[in-house]
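J.: got a sequence here, can you build the structure:
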Amino acid sequence: MLRSMYSGVSGMKGFQTKLDVIGNNISNVNTIGYKKSTINFQDLLSQNLSGSGVNSMQVGLGSMTSAINVIHNPGSFMTTGVGSDVAINGDGFFVVQDPTVPANSTADRYLTRAGNFVVNAQGNLVTSQGYNVIGRREPVTNPAIYEPIKIDSNTYESFSINLLGEVVGKDANGTETIIASIAIAQPDNPAGLNKSGGSLYELTSKADSQTLTQMIGTATTNNVEVGSGMLEMSNVDLTEEFTEMIIAQRGFQANSRTITTSDEILQEVVNLKR
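T.: Residues are numbered from 1 along each chain as shown. Model prediction:
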């Protein structure tokens, strides 16, 4: 069988995966905090035909996917005017935790750039999926303890979040008190995080050698600012995605043409004997 036929098949599979990545990017063009993905290819093994010449005589056997990387460039900020909507101006992620986990546990914690937080009926600052937003209680009694942020509605009539990521409560007398500082984590290699769905990322050893408990800090310790009343939107550029889609479509068509041409050659070979 012709090698070109299988090379065409591998090329079609690769460009199908590229279209899958592009389609996912476009579907998340308006997703809060979404980070786009890109795909890279590499050639497969090459078959040696002869080593007698000055240079090696080799024929490649197609292509394969080498990497699908998440690009963590910042997205554009959108002003919402909602006090509990926050965005990180700089590197880093908010830390959230599964609400079914006990408050004193550090298990099932995730990272996210989606800052569309709300306060639930129990007074906890949570994500739109109900995950507790983690922070350090103020005044600080133990700097190593980070726990779900709770805003007591019996004590405070309202609250705000400042550039330092501090949640400031205001009581009936107008007295303001810092309740907690929102936790920020900065892994060394954000591209090594695993996407867990729901705009959440799971820390892996590819992202950082430290555990989440070891790297967790505040906006001040991580040299970032927290913008209140705004959200970081997706970093997907539709112009770029449509250009990549055209390339993928033409690449897919070219590889299918390789298979068609190879089939025609085989047909000619079969017709030699009549």
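J.: mind listing the strands for the stretch 151-274 of the chain?
T.: Remark: strands assigned in the stretch 151-274 of the chain by DSSP state E, counting those that start in this stretch are 158-161, 166-170, 176-185, 194-197, 200-202, 217-218, 225-228, 230-232.
J.: in the worst-scoring helix or strand of the chain on mean pLDDT, which residues are buried?
T.: When each helix and strand of the chain is scored by mean pLDDT, DSSP states H and E, strand 46-50 comes last, with a mean of 83. Neighbour-count burial for strand 46-50, counted by 16 or more other CB atoms under 10 Å, picks out no residue. For every residue, glycine as well, the C-beta is placed using N, CA and C.
J.: repeat that for stretch 235-244.
T.: Residues 235-236, 241, 244 are the ones in stretch 235-244 that count as buried (16+ other CB under 10 Å).
J.: what do you get for stretch 255-272?
T.: Neighbour-count burial for stretch 255-272 [16+ other CB under 10 Å]: 255, 258-259, 262.
J.: of those, which belong to helices?
T.: 255, 258-259, 262 (DSSP state H).
J.: picking that back up, closest one to residue 163 out of the buried residues of stretch 255-272, please.
T.: Nearest to residue 163 out of the buried residues of stretch 255-272 is residue 255 (CB to CB; 51.7 Å).
J.: what's the closest non-adjacent residue to the closest one?
T.: With sequence-adjacent residues excluded and distances taken as CB to CB, 6 or more residues apart in numbering, residue 255 is closest to residue 11, at 3.5 Å.
J.: ok so that neighbour is a helix residue?
T.: Yes. Applying DSSP: H, G, I helix; E, B strand; the rest coil, one finds residue 11 inside a helix.
J.: show me what the least confident helix or strand of the chain is packed against.
T.: Using 3 or more CB pairs under 8 Å, 6 or more residues apart in numbering; DSSP states H and E, the elements in contact with strand 46-50 are strand 57-60.
J.: tell me which strands the strand it packs on pairs with, and in which orientation.
T.: Next to strand 57-60 in the sheet, as set by DSSP bridges, lie strand 46-50 (antiparallel).
J.: and the partner strand, how far out from the chain middle?
T.: Average the C-alpha atoms of strand 46-50, do the same for its chain, and the two points are 41 Å apart (CA atoms, centre = their mean, to the nearest Å).
J.: I appreciate the help and will end here.
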